[in-house]
Each structure stands twice: as C-alpha cells, then as structure tokens.
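Enquirer: could you work out the structure for the sequence below:
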Amino acid sequence: MNVRVLVVGAGSIGNFVGGKLGVAGAEVTLVGRRRVLDELGASGLRLTDLDGGDDALAPDRFHRATEPDDVGSADLVLVTVKSAATAAAVRELTGKIRPGTVVLSLQNGIGNDSVIREILPHCVVLAGMVMFNVVHHPGGRFHRGTEGGLAVQDDPALAPLLDVFERAGLGLRRYPDLRPVQWAKLLLNLNNPINALSGRPLREELADRDYRRCLALTQREALAVMNKARIRPARLTPLPPRVMATLLTVPDAVFRRVAGQVLAIDPMARSSMADDLELGRTTEIPWLCGEIVGLGAMVGAPTPVNQRLIELVVAAEQGGRRGWTGPELLGQLRGAAVSATPQRRANEQ
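Expert: Below is the predicted model of the structure:
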C-alpha cells in the first residue's frame, strides 16, 4: 500500500516523523511556515538520532505546502501544530478531507483530539503522544535527542498504517485508553518550563539538584491534584511517578548512580518551550502547567507552584527574565507554595 501522509505543522516533530515515514516509502506532504519549507526545499531532510541513525530525504522525495492541498487523497493526517493552533489548522481541512480518514494528534497536553473530533466528526480522530525530543539544526537537520517512541490510542483503522510506521523505525505502541499515558507524559513535560527558564540544555539542567527540586515540587502538586480528581497516570519511567518525584530531590551523585538513564540525553537537546522562547513565540504553557491549574480549580485543590511557573514563563514571553539559576527558581516556587498555605488553611476553616 502506497500510504499518503499529510503533516499539518512542519516543525521539529512534524518534520522528523513525516520525514521518517517518507524514508520508509510513504508519500509525504509537509504543511508549514514558508521559512521552514524554503530551508527544506534547499537542503532536503536529514534525520539523525542519539543512537547514530542518519537518514536523508532529498527535496524531490516529499511535497511542501503553506496550506493543505490535495487533502482528499491523504490516508493519514498527522496534526503536529502547537496546541493553541489546533482548531485553526484543522478547520482548513474541512470540506476537503475524506470521511473515515485517520487523523492522528501528535501534540502536547490533554484533549487536542477532542478539539479535532468536533471539527472533523466524520474522520477517525485518534490521540497520540511523541515520547521523544527533537532538535532542529540548520540545513534541514532534525535530531532525536532522547529515547522514546510513539504512543497512540488503538483503533482498527490503524491496521493499514502499522507497516509503514514499523519500517520507519517508529512502531506504534497502542493503548485502548491513551488518557493515563497523556497525563503521565504531562508530568514529564512539566520540566519544559523549568528547562526554558533555566536557559540550559536538558542534560545540564536535569543534572542540577536545584532544578530537579523545582520539577519535584511541580510534579508533587500535579500528582496531588490528579489524585483528588481520581486520575491515575500511567507508569512511563522505571519507577512510579510518586517515587520518581522523590528521587529527583536526592544529591547529584546519588541521582546519577540510581537514575543515570534519565540523563541519557543528547548534550544539545532542549525543551520545545525553550526553543519557543528563543524564537519569540508564544509557548504551550497553558496546555502544560495550565492543565494542572485548571484541574485544581475544578476539584478545589491549590496549585500555586504551577501557577507561578505560568507567570514566569508568560513574563519571559513578554521579554522578561530568562536564565534563572537553580536556587533562584527554587526560591520562587517554594515562596509561591508557602504564600498559598495560609490562604488554603483559611479556606479550610
């Protein structure tokens, strides 16, 4: 089967996944910004990874467009835009896409698939998660900097597509219910704002105990809110989420010895939120810490740590401070938690 793939959102994730599918023989169209498409038209795609993989796709082996075209011929649509752009991007497919087409959301956050399903009710809309980090280097090079694969909501409609994903080295890990995986991935992605505010590569940031303490505070607050909402995140790490949050706080030497694989990251890899801040783009903070704050409001649980991270990232988006040291950022988050304690006690009386 000659699989036709339309990638809506030719950013780091979209170009890496779409490019890999192209290398595996799929007919791929990348829809994105003119600046990125011009780069790809000049250099083609080069897809590398931390395990030594190195694939190339010449410009004449994939299509490029600034708006979705020939949508009706697509067998698979990958939505890889930032969460804030989901509705607008998917509306461009209405009236063009065939009923029954598989539309796979490979985005951060919770609920993007619901947004897509409401706009494209006659398609097979499935939630998905990209469990690895991709860094965009000049010259059309996209580098997978961390371990991980693709997790998706299972559906019979995926059957004709499984082979091309396998050949691409992106075998789909399928789940009857992806929500627990999405919540677990959200817990991991709570490091994105910490990494962005640190101004450091991921490996360097996670090797620093104070930054890890920031992440532990953020995750523990999120876990408390999830517990109150009766949400049980899946286990994506060698240790359960609560134990992992505790392990983050141990001294650096102990952390390297016990959880060294967490630091098995390309030295230059950074979070996508760090890239967004550097490029002056609005971040996905509402779909990360914002999900925790919203859930907390729903169940009546305080979320001052996640709220403070939102405030700091929004300030950075507007030209405010970046490059926080570990002790400085930890002080901000601990201060927010302490300030919220008297108000919480007053509310409980």
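
Enquirer: ok, and what's touching stretch 310-328?
Expert: Outside stretch 310-328, the residues that touch it by Cβ atoms under 8 Å, 6 or more residues apart in numbering are 193, 196-199, 208-211, 213-214, 273, 277, 282-283, 285-286, 289-290, 293, 329, 332. Backbone N, C-alpha and C define where each C-beta goes, glycine included.

Enquirer: so how do I select the buried members of the residues you listed in PyMOL?
Expert: The buried residues among the contacts of stretch 310-328 can be selected in PyMOL (16 or more other Cβ atoms under 10 Å) with this line:
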select buried, resi 193+196+197+198+199+208+209+210+211+213+214+273+277+283+285+286+289+290+293+329+332
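
Enquirer: from the contacts of stretch 310-328, which land in helices?
Expert: In this view, those that belong to helices under DSSP state H are 193, 196-198, 209-211, 213-214, 273, 277, 289-290, 293, 329, 332.

Enquirer: for the residue lying closest to Q261 once chain neighbours are set aside, grab the count of nearby residues.
Expert: Once flanking residues are discounted, Q261 sits nearest to P238: 7.4 Å by Cβ to Cβ, 6 or more residues apart in numbering. When neighbours are counted by other Cβ atoms under 10 Å, P238 registers 12.

Enquirer: distance of P238 relative to W324?
Expert: From P238 over to W324 the distance is 29 Å, taken as Cβ to Cβ, to the nearest Å.

Enquirer: quick one: stretch 158-171 to chain centroid distance?
Expert: Relative to the centre of its chain, stretch 158-171 is centred 21 Å away, using Cα atoms, centre = their mean, to the nearest Å.

Enquirer: start and end of it, how far apart?
Expert: Separation of the first and last residues of stretch 158-171 by Cα to Cα, to the nearest Å is 12 Å.

Enquirer: CA-only coordinates of stretch 63-80, as CSV, when you get a sec.
Expert: C-alpha atoms of stretch 63-80 as CSV (Å, rounded to 0.1, in the frame of the first residue of the first chain):
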residue,chain,number,x,y,z
HIS,A,63,5.9,17.7,-1.1
ARG,A,64,5.8,21.1,0.6
ALA,A,65,2.8,23.5,1.0
THR,A,66,2.0,26.5,3.2
GLU,A,67,-1.7,25.4,3.2
PRO,A,68,-3.2,21.9,3.0
ASP,A,69,-3.8,20.9,-0.6
ASP,A,70,-4.9,17.6,-2.2
VAL,A,71,-6.2,16.7,1.3
GLY,A,72,-8.7,14.3,-0.2
SER,A,73,-6.0,11.8,-1.2
ALA,A,74,-4.5,11.5,2.2
ASP,A,75,-4.7,8.2,4.0
LEU,A,76,-3.3,9.7,7.2
VAL,A,77,-3.2,13.2,8.6
LEU,A,78,-0.7,14.0,11.4
VAL,A,79,-1.5,17.1,13.4
THR,A,80,1.7,18.4,14.9
